[in-house]
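Student: I would like the atomic coordinates for the input below:
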Amino acid sequence: QVQLVESGGGLAQPGGSLRLSCAASGFIFSAYAMSWARQAPGKGLEWVSGISSDGSDTYYADSVKGRFTISRDDAKNTVYLQMNSLKPEDTGLYFCAKEMGGFCGGGLDYWGQGTQVTVSS
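Tutor: Below is the predicted model:
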């Protein structure tokens, strides 16, 4: 069965960095686009970033553009989210999700359990 396991969350200071990882199994990882989303305390789910199946196309929410970088390693069945210049408003539970096809925007059908990111001094 499809499994997505996030890791790398934790506490960071404003201006700091974290790198999230999402290990995937149970499907042909290289055939699917992947996305990251987050949920801040008391708020709804926000899509953050996506990457196409071949890694050639990447997408970012305006709130993270220029600070976050998504990448993938198909040999490791892993997608990453490098987060730099972190702000307190980046605090939240970060989820990895599988897209339904090779391109982003077609819908997300599987989700991980999430990893907590807290940005605070």
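Student: most centrally placed residue in the protein?
Tutor: Centrality entry for the chain: nearest residue to the mean C-alpha point is W36, 2.7 Å, by CA atoms, centre = their mean.
Student: Quick check: the gap between that residue and S121.
Tutor: W36 sits 24 Å away from S121, going by CB to CB, to the nearest Å. Backbone N, C-alpha and C define where each C-beta goes, glycine included.
Student: ok, now S52?
Tutor: According to CB to CB, S52 stands 36 Å off from S121.
Student: which residues touch the most far-flung residue of the chain relative to its centre?
Tutor: Of all residues in the chain, S121 has its C-alpha farthest from the mean position, at 23.3 Å, by CA atoms, centre = their mean. Residues in contact with S121 (CB atoms under 8 Å, 6 or more residues apart in numbering) are Q13, P14.
Student: Mind pulling up the pLDDT for it?
Tutor: With respect to pLDDT, S121 scores 94.
Student: now the helices: where do they sit in this protein?
Tutor: Along the chain, no stretch is classed among the helices by DSSP state H.
Student: what ranges do the strands span in it?
Tutor: 3-7, 10-12, 18-25, 34-39, 45-51, 58-60, 68-73, 78-83, 92-99, 108-111, 115-119 (DSSP state E).
Student: So for the third one, what gets flagged as buried?
Tutor: Buried residues in strand 18-25, counting neighbours by 16 or more other CB atoms under 10 Å, are found at L18, L20, S21, C22, A23, A24.
Student: Counting by contacts, list what it packs against.
Tutor: If you count contacts as 3 or more CB pairs under 8 Å, 6 or more residues apart in numbering; DSSP states H and E, strand 18-25 packs onto strand 3-7, strand 34-39, strand 78-83, strand 92-99, strand 115-119.
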